[in-house]
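sequence-free structure coming up:
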């Protein structure tokens, strides 16, 4: 099977079975890209996630685009990006006509209340997975804690925080 077909099927599956946005998709992306296909190492995956977070747009689409490019060039980028958004597009197109009919139903409310803890768990899993690969020594932990503190409690602009973290990385590494 060609790498483009594998890319399409992998990212279509990721888009189809991921609820809660890009961060909730990260564990599935990691499993598919690293464990199933071996296309990237953990370190390469972390780098692509960092780039995806810094660039404008949803992290899932950015990740798919960067990963597709890394694996199969520009065509791989296009294929993986289309594949990751296609399930949502298909599902939203199918349910569009039923939204008004069921929007006040207690069943739909129960369904979405039930999904929330799962989405939170997937996001937490992604955070732990990325942290385990990103924390290579005490310096990386201290940079993370310092940036977390000034962004959360001092309300530092995120772009400035990214620049500061990059400068600290250059200085310490």
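Structure's in. What do you need? Computed from a predicted structure; not experimentally measured.

Provide the contact partners of stretch 131-138 at residue level.
Residues from elsewhere that reach stretch 131-138 (CB atoms under 8 Å, 6 or more residues apart in numbering): 42-43, 45-46, 140-141, 144. In this view, the C-beta of every residue, glycine as well, is placed from N, C-alpha and C.

Max pairwise distance over these: which two?
Pairwise distances across these (CB to CB) peak at 19.4 Å, for the pair 45 and 141.

returning to what we had before: what's the closest of the contacts of stretch 131-138 to residue 81?
Nearest to residue 81, judged by CB to CB, of those is residue 45 at 17.2 Å.

who does the strand or helix carrying that closest one touch, helix- and strand-wise?
According to DSSP states H and E, residue 45 maps onto helix 42-54. Applying 3 or more CB pairs under 8 Å, 6 or more residues apart in numbering; DSSP states H and E, we find helix 42-54 packed against helix 22-30, helix 59-95, helix 106-134.

would TSV of the ones you listed with mean neighbour count and mean pLDDT be doable?
Formatted as TSV, the helices and strands packed on helix 42-54 follow (neighbours: other CB atoms under 10 Å; pLDDT from 0 to 100):
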stretch	mean neighbour count	mean pLDDT
helix 22-30	22	80
helix 59-95	18	89
helix 106-134	13	83
